[in-house]
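> what's the 3D shape of this:
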Amino acid sequence: MALQLSLILFGLIPSCLCLLSEYKAVLVSGDDLTDFLPRGNVTSPLCARMDGVSLDSVMKQKEYLPILHPSNNGVSSYQPAEHIKNELKFLMSPECDLGRSIRAKPMDNGLGSTMMSVVKPFIHALSSGYCLETPSDFTLWKGKDCPGKWECFFKNFSQHVDAHSYLAADRKPVIREENDKLKTCSEWWEKQYDAAGLEDEGLQNDCQWMFSYIYEGKDALPFQYRDQGLFFTIAYITAMAFKPSAAVEQLAERRRRDMNWPKNEPIIGLHVRLGDACITSELGFGHGRVCNELADFIPSLKRMSEQYGIKNVFLAADSERVKKDTKNYPEYQWFFEKVIPGQGELEKMAIEDALDQGVIDGYQEGLGAVADILLLAKTDMLIGKFTSHIERVAYQIMVAEDDCVKPFISLDAPWCFDHGVKSGKGDYGTFWC
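Numbering: from 1, shown residues only. Next up is the predicted model:
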């Protein structure tokens, strides 16, 4: 192994050997052998070139901890990323002139699952040529200060203006002929709901499976991005669809200020959720994860911290107990929200039940959850569980926002996406992707 590592280092960075003693190099396998680069907008955080990584490797591994070495090069522009961003800008803009559109209906569940319920409609639009309207109202995620509008949490699609300037004439989306099933799915997305055991169950399954990578492979993806793979496609759709509203940005900024978020220093994002898996009434519901306390995440944090020399940790948690447990680990500089809204109620019942019964305010709870996602996405590397939608959403955004791949450790499963299909496979069984 020592010889293999030496060959890699000498082969990759002959001009930087004088600096290697300042860094810890860790040998990892396969696609992880890639150059690591600093982000352009801060001093030290890390970023791997997209063109040097097999992006769908995140579907096969629970961690990505590449070799670290210094480099003076900036992150180069990745042309497929520019293409998909520009195409989405056009489809989401008032200037889209394809003559047909999809206005997706979010399927209300947990916040992360609700967000990802509009992603397959996006894939459909990219594949067949549909304009994308701002999704319709939420059913559960609403409160006295906001009545469930998309704009409560995310920017209206109409804010994507002057979209034609982003597209070369030969890149403009075109309308493609669809069979009857696909045409029906464009209508289904606009009313979708949990139809299990109801009249529309077959329609729901057909539409979810037609855009399921597990069932259809690359045929489930827009043909123009099939070579890039599933993770690439989902990451950029996520980053484009869920631009935070002004209210979310203000809350996230206030939290950063109150936490005294470090400036120009790298920071690890750590998501510790004691939700569904820790509630007795939810056991046996197929979440595919177990209840883990902060202590269970510390070995992973220790490995990542030592490898990259980072002590700053942003903790996103849904429990006061987790926050208190940080005192047991003074070797890290912890940053977290001082007060966790609604955490008492959510330690006793599932979030969907709490929202449906009015135990918590859906708008305030959602506002805090989206702010947590935004802050996790602003960190430089991530630790958590990919059985969690929140974790996956945050990682998708953090990669797509910077057009490069960040280190991560998932305690229980590789990354996946397949909304409406229970195709996730982790250490503790299958789960909904």
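> can we go C-alpha only for contacts and neighbour counts from here?
Will do.
> Distance across stretch 313-325, terminal residue to terminal residue?
End-to-end span of stretch 313-325 (CA to CA, to the nearest Å): 14 Å.
> and the strand or helix carrying residue 235, what does it pack onto?
Using DSSP states H and E, residue 235 sits within helix 230-241. Counting contacts by 3 or more CA pairs under 8 Å, 6 or more residues apart in numbering; DSSP states H and E, helix 230-241 is packed against helix 79-91, helix 119-128, helix 389-402.
> now the ones you listed as JSON lines including mean neighbour count, mean pLDDT and distance to residue 157?
JSON lines is the format used below for the helices and strands packed on helix 230-241 (neighbours: other CA atoms under 10 Å; pLDDT from 0 to 100; distance: least, CA to CA, whole Å):
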{"stretch": "helix 79-91", "mean neighbour count": "20", "mean pLDDT": "92", "distance to residue 157": "9"}
{"stretch": "helix 119-128", "mean neighbour count": "23", "mean pLDDT": "98", "distance to residue 157": "13"}
{"stretch": "helix 389-402", "mean neighbour count": "24", "mean pLDDT": "96", "distance to residue 157": "17"}
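> Turn these into CSV, including distance to residue 173.
Shown next, in CSV, are the helices and strands packed on helix 230-241 (distance: least, CA to CA, whole Å):
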stretch, distance to residue 173
helix 79-91, 7
helix 119-128, 8
helix 389-402, 21
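> And the ones you listed: which comes nearest residue 155?
Comparing the helices and strands packed on helix 230-241 by their distance to residue 155 (CA to CA), the top pick is helix 79-91, with 12.8 Å.
> tell me the mean pLDDT for the helix or strand that comes right after that closest one?
The helix or strand immediately downstream of helix 79-91 is strand 101-102, counting by DSSP H and E. Averaged across strand 101-102, pLDDT comes to 98.
> Same check on stretch 274-283?
On average, stretch 274-283 scores 62.
> before we move on, the earlier item: and the helix holding residue 235, how far out from the chain middle?
Distance of helix 230-241 from its chain centroid, counting by CA atoms, centre = their mean, to the nearest Å, is 8 Å.
> Please apply the same query to stretch 393-406.
Using CA atoms, centre = their mean, the mean C-alpha position of stretch 393-406 is found 7 Å from that of the whole chain.
> which residues touch it?
For stretch 393-406, contacts defined as CA atoms under 8 Å, 6 or more residues apart in numbering pick out 39, 46-50, 53, 64, 75, 77-78, 81, 112, 116, 231-232, 234-236, 238-239, 373-374, 376-382.
> Convert the C-alpha atoms of that stretch to PDB, please.
C-alpha atoms of stretch 393-406 as PDB (Å, rounded to 0.1, in the frame of the first residue of the first chain):
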ATOM      1  CA  VAL A 393     -30.900  17.000  -0.200                       C
ATOM      2  CA  ALA A 394     -28.100  18.900   1.600                       C
ATOM      3  CA  TYR A 395     -25.400  16.900  -0.100                       C
ATOM      4  CA  GLN A 396     -27.000  17.300  -3.500                       C
ATOM      5  CA  ILE A 397     -27.100  21.100  -3.100                       C
ATOM      6  CA  MET A 398     -23.600  21.500  -1.700                       C
ATOM      7  CA  VAL A 399     -22.200  19.600  -4.700                       C
ATOM      8  CA  ALA A 400     -24.200  21.400  -7.400                       C
ATOM      9  CA  GLU A 401     -23.800  24.900  -5.900                       C
ATOM     10  CA  ASP A 402     -20.000  24.600  -6.200                       C
ATOM     11  CA  ASP A 403     -19.800  22.300  -9.300                       C
ATOM     12  CA  CYS A 404     -17.500  19.900  -7.400                       C
ATOM     13  CA  VAL A 405     -17.600  16.900  -5.200                       C
ATOM     14  CA  LYS A 406     -17.400  17.200  -1.400                       C
END
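> before we move on, the earlier item: residue 245 is nearest to which of the helices and strands packed on helix 230-241?
helix 389-402 (15.1 Å).
> Let's verify residue 315: helix, strand, or coil?
Here residue 315 is strand, with the state taken from DSSP: H, G, I helix; E, B strand; the rest coil.
> Is residue 290 located within a strand, as I assumed?
No. Assigned with three-state DSSP, residue 290 falls outside any strand and is coil.
> Now do the residue nearest to residue 422 when sequence neighbours are not counted against residue 86, distance only.
Among residues not flanking residue 422 along the chain, residue 432 sits closest, at 4.2 Å (CA to CA, 6 or more residues apart in numbering). From residue 432 across to residue 86, the span is 30 Å (CA to CA).
> could you pull out the strands for the protein?
36-38, 46-49, 63-64, 101-102, 131-132, 268-272, 312-317, 333-335, 381-384, 404-405, 408-410, 424-426, 429-431 (DSSP state E).
> which residues sit against stretch 244-251?
By CA under 8 Å, 6+ apart, the residues outside stretch 244-251 that reach it are 151-155, 367-368, 370-371, 374.
> could those residues go into a markdown table alongside pLDDT?
Output for the contacts of stretch 244-251, formatted as a markdown table (pLDDT from 0 to 100):
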| residue | pLDDT |
| --- | --- |
| 151 | 96 |
| 152 | 96 |
| 153 | 97 |
| 154 | 97 |
| 155 | 96 |
| 367 | 95 |
| 368 | 94 |
| 370 | 97 |
| 371 | 97 |
| 374 | 97 |
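> in the chain, what spans have low per-residue confidence?
Along the chain, segments meeting pLDDT under 70 span 1-45, 68-76, 160-171, 275-277, 279-287, 340-348.
> if you set the cut-off to 90 instead, what comes out?
1-54, 66-78, 94-95, 97, 158-175, 264, 273-290, 318-320, 338-360, 404 (pLDDT under 90).
> Tell me which residue is most central in it.
Geometric centre of the chain, nearest residue: residue 393, 1.9 Å, by CA atoms, centre = their mean.
> what about the helices and strands packed on helix 230-241, which gets the closest to residue 293?
Among the helices and strands packed on helix 230-241, helix 389-402 sits nearest to residue 293 (CA to CA), with 16.2 Å.
> Kindly check the end-to-end length of stretch 372-387 for me.
Start to finish, the residues bounding stretch 372-387 are 17 Å apart (CA to CA).
> actually stretch 131-139, not the one I typed
The first and last residues of stretch 131-139 sit 24 Å apart, counting by CA to CA.
> What of stretch 262-272?
21 Å.
> what comes up buried for that stretch?
In terms of neighbour count (16 or more other CA atoms under 10 Å), stretch 262-272 has its buried residues at 266-272.
> same question, stretch 141-159
Residues 141-143, 146-157 are the ones in stretch 141-159 that count as buried (16+ other CA under 10 Å).
> Need the max-distance pair from those.
143 and 157 (22.2 Å).
> re the thing from before, with distance to residue 178 added, can I get the strands of the chain in a markdown table?
Formatted as a markdown table, the strands of the chain follow (distance: least, CA to CA, whole Å):
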| stretch | distance to residue 178 |
| --- | --- |
| strand 36-38 | 43 |
| strand 46-49 | 36 |
| strand 63-64 | 39 |
| strand 101-102 | 14 |
| strand 131-132 | 15 |
| strand 268-272 | 41 |
| strand 312-317 | 43 |
| strand 333-335 | 50 |
| strand 381-384 | 40 |
| strand 404-405 | 34 |
| strand 408-410 | 39 |
| strand 424-426 | 29 |
| strand 429-431 | 31 |
